[in-house]
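>>> fold the following, please.
(chains A and B)
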2 protein chains.
Amino acid sequence: MFVRSIKGVDVAFKAESLQPIGAFKIRGAWHRLTALSEEAARRGVVAFSSGNHAQGVAWAARRLGIGATIVMPRDAPRAKREATLAMGAEVVDYDRASESREQIAARLAEARGATLVPSFDDPWIIEGQGTAALEAARQMIALGLGEPVHAVVPCGGGGLAAGTALALKEARITVVEPEGWDDMRRSLEASWIEPVAPNPPPTACDSLQTPLVSPLTFDVLSRRDATGVAVSEAEVRDAQRWAAEKLRLVVEPGGAVGLAALLAGKVTPEPGMFVILSGGNVDVSAYARAVAS
Amino acid sequence: MFVRSIKGVDVAFKAESLQPIGAFKIRGAWHRLTALSEEAARRGVVAFSSGNHAQGVAWAARRLGIGATIVMPRDAPRAKREATLAMGAEVVDYDRASESREQIAARLAEARGATLVPSFDDPWIIEGQGTAALEAARQMIALGLGEPVHAVVPCGGGGLAAGTALALKEARITVVEPEGWDDMRRSLEASWIEPVAPNPPPTACDSLQTPLVSPLTFDVLSRRDATGVAVSEAEVRDAQRWAAEKLRLVVEPGGAVGLAALLAGKVTPEPGMFVILSGGNVDVSAYARAVAS
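Just a heads-up that it's a prediction; the model follows:
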């Protein structure tokens, strides 16, 4: 945990970018995989993801001796595919244009009797991600910052945000999304689930490009009166630059949205606030261009 | 502490870039300032540095309620000057071309009865820096990696390297310097102190540009049969890129030289090895250019 002053207020940062796979995703994956029966563990797990969730499942599966199959688009970044293979997972390709990864994963799971591990629409996954907030709370208390009163959390499908809401019953929750992908914000305002509008703008926040949140994550956040804000691409770059300079951390675009909201004045710093920096997996060249600009 | 596989061997990394001031320098400064008598503490401390040592002294002085004066070149980076002032230190300017910072600092200390805090030529400073290695050893044992057998340490004046040698009586010590600034390497080979040759090449490793090591640091390292290697500017950039991608850490050029030596094959990875990443204070634009190249 890191503490920095923003506009004169000490704000705590939970750097999930420093996890072994560079993101919080091992938390949910570990929690889900350790809850499998012996029989289910023997039959293995299947996940679909081209990003941090795939790494999380492969990482947990390897340590638990469970077979993992990851369904990945044929055009996924080579580095991510290689990292997944290096962790001992099997990778099954699909064609983004003509095939549905959900169907392929479901078919594989069915054929093998394997367990499908969703990236956020699952109570174990949500609970597991919430351990980031539990740890943050313990660390804030140890640092003399007191119980957290406000958590600022990046939101894709909402697993981390909903887990945070479950973990911290007294804290306010602000979810942060990239502009145009702020379906959780709009859903929370409308009190029903609204998908991302057709043709959303391009965003560097690849880890937050979720077209539709789940009833599970929405429900938890809605009952806790969570609210949302959206940040621009330029605000995300500013936050990545700030993190490099003040925290000496490489934070991926999607991991930096919470910090971006603070720096842009869209969320007001207050004592007892913590911000989750949810991941640090970047293409180094793209990262360098972003922080140079 | 982070562990990553390099050429199939698990190597531990001690990331001093994550210290509050972004470098290990608070260790020596803290150790020196807490050893002052009450009378000496009242009279304050003086240091000369345009870099991480200034931050370290200012940081420790503020926490201990001791007045600190930092002698800085008039053309020091604005960010460093402001960070030093923000920590409550007084900054005294000098002109690099016509004045000697050693003389100005000594005169100030004399006039005020203040204690001069050198950046490496001091037994307390060396001892304090060595706590990085003590911590690394404890963390390696906790992680099941065993006692450290080989420490790879960036070297400017040699405070951190000598502290490491004192802290770990059984480990081999390799010091790493930028090419052309590898006076410690040459000194250890020659068994006497050799200064940096006139007109050394430009280097991005600003924190390692020390023209002459001290008898203290040289003596400790020489008695421990430490050896040195030198790395090129391109090897340093490769290491900074690797640290961004694999560790999600921003490491300054001088902080990355140990890692650079490993990646370049100049030091062979072995079980029980740890590498100190000594600092992460960068000019973000220059950093972005380095990791993009």
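
>>> would you verify that residue A:174 is located in a strand?
Yes - secondary structure assignment places residue A:174 in a strand (DSSP: H, G, I helix; E, B strand; the rest coil).

>>> quick check: residue A:260 touching residue A:239?
Yes - here residue A:260 reaches residue A:239: they are 3.7 Å apart, a contact under CB atoms under 8 Å. Every C-beta, even on glycine, is put in place using the N, C-alpha and C of the backbone.

>>> neighbour count winner among those two?
residue A:260 (32 against 25; other CB atoms under 10 Å in any protein chain shown).

>>> would you mind measuring from that one to chain B?
16 Å (CB to the nearest CB, to the nearest Å).

>>> quick check: that residue vs residue A:242, distance?
9 Å (CB to CB, to the nearest Å).

>>> check residue A:12 too.
15 Å.

>>> around chain B, pick out the residues from the stretch 101-250 of chain A.
Counting by CB under 8 Å from any CB of the partner chain, the stretch 101-250 of chain A comes close to chain B at A:241, A:244, A:245, A:248, A:249, A:250.

>>> what's the closest of those to chain B?
Nearest to chain B out of these is residue A:248 (CB to the nearest CB; 3.2 Å).

>>> and that closest one, how many neighbours?
Neighbours of residue A:248 using other CB under 10 Å come to 25.

>>> in terms of helices and strands, where is the residue of the stretch 51-200 of chain A found nearest chain B?
Nearest to chain B, among the residues of the stretch 51-200 of chain A, is residue A:79, at 7.9 Å (CB to the nearest CB). Element membership for residue A:79, per DSSP states H and E: helix A:78-86.

>>> okay, buried residues for that helix please.
Of all the residues in helix A:78-86, those buried under the rule 16 or more other CB atoms under 10 Å in any protein chain shown are A:80, A:81, A:83, A:84.

>>> dump the residue contacts of the last one.
This means residue A:84. By CB atoms under 8 Å, 6 or more residues apart in numbering or on different chains, the contact set of residue A:84 is A:54, A:55, A:58, A:70, A:72, A:91.

>>> show me these that map onto helices.
A:54, A:55, A:58 (DSSP state H).

>>> would JSON lines of those with distance to residue A:38, neighbour count and pLDDT be doable?
Conversion of the ones in helices among the contacts of residue A:84 to JSON lines gives the following (distance: CB to CB, whole Å; neighbours: other CB atoms under 10 Å in any protein chain shown; pLDDT from 0 to 100):
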{"residue": "A:54", "distance to residue A:38": "24", "neighbour count": "29", "pLDDT": "90"}
{"residue": "A:55", "distance to residue A:38": "25", "neighbour count": "26", "pLDDT": "92"}
{"residue": "A:58", "distance to residue A:38": "21", "neighbour count": "28", "pLDDT": "95"}
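
>>> what's the nearest residue to whichever residue of the stretch 1-150 of chain A sits closest to chain B if we skip its chain neighbours?
Residue nearest to chain B within the stretch 1-150 of chain A: residue A:17 (4.7 Å; CB to the nearest CB). In space, and not counting its chain neighbours, residue A:17 is closest to residue A:280: 2.8 Å by CB to CB, 6 or more residues apart in numbering or on different chains.

>>> what's that neighbour sitting at in phi/psi?
The phi and psi values for residue A:280, taken as degrees, to the nearest 10, are phi -140, psi 20.

>>> just to revisit the earlier point, joint contacts of residue A:260 and residue A:239?
residue A:231.

>>> walk me through the domains of chain A.
A:2-23+A:126-292, A:25-119 (automatic domain parsing).

>>> okay, the residue nearest to residue A:17: pLDDT?
Per-residue pLDDT puts residue A:280 at 96.

>>> do residue A:93 as well
For residue A:93, pLDDT reads 88.

>>> repeat that for residue A:101.
83.

>>> contacting residues around residue A:87?
Counting by CB under 8 Å, 6+ apart, residue A:87 has contacts A:55, A:58, A:59, A:61, A:62.

>>> excluding chain neighbours, what is closest to the first one?
Nearest residue to residue A:55 in three dimensions, chain neighbours excluded: residue A:21, at 4.0 Å (CB to CB, 6+ apart).

>>> again with the fourth one
By the measure of CB to CB, 6+ apart, the closest residue to residue A:61 outside its immediate chain neighbours is residue A:68, 3.6 Å from it.

>>> would you mind measuring from that neighbour to residue A:43?
Distance, residue A:68 to residue A:43, by CB to CB: 11 Å.

>>> settle it for me: which of those two has more neighbours?
residue A:68 (26 against 16).

>>> show me what the more buried one is bridged to.
Counting by DSSP bridges, residue A:68 forms beta bridges with residue A:45.

>>> contact partners for it?
Counted by CB under 8 Å, 6+ apart, residue A:68 has contacts A:44, A:45, A:46, A:47, A:57, A:58, A:61, A:62, A:88, A:89, A:90.

>>> what distance do you get for the fifth one to residue A:215?
It refers to residue A:57. Distance from residue A:57 to residue A:215, counting by CB to CB: 22 Å.

>>> who has more neighbours, these two?
Using other CB under 10 Å, the more surrounded residue of residue A:57 and residue A:215 is residue A:57, with 33 against 12.

>>> so what's the closest residue to residue A:201 other than its chain neighbours up against?
Nearest non-adjacent residue to residue A:201, counting by CB to CB, 6+ apart: residue A:180, 4.1 Å away. For residue A:180, the contact set (CB under 8 Å, 6+ apart) comprises A:196, A:197, A:200, A:201, A:203, A:230.
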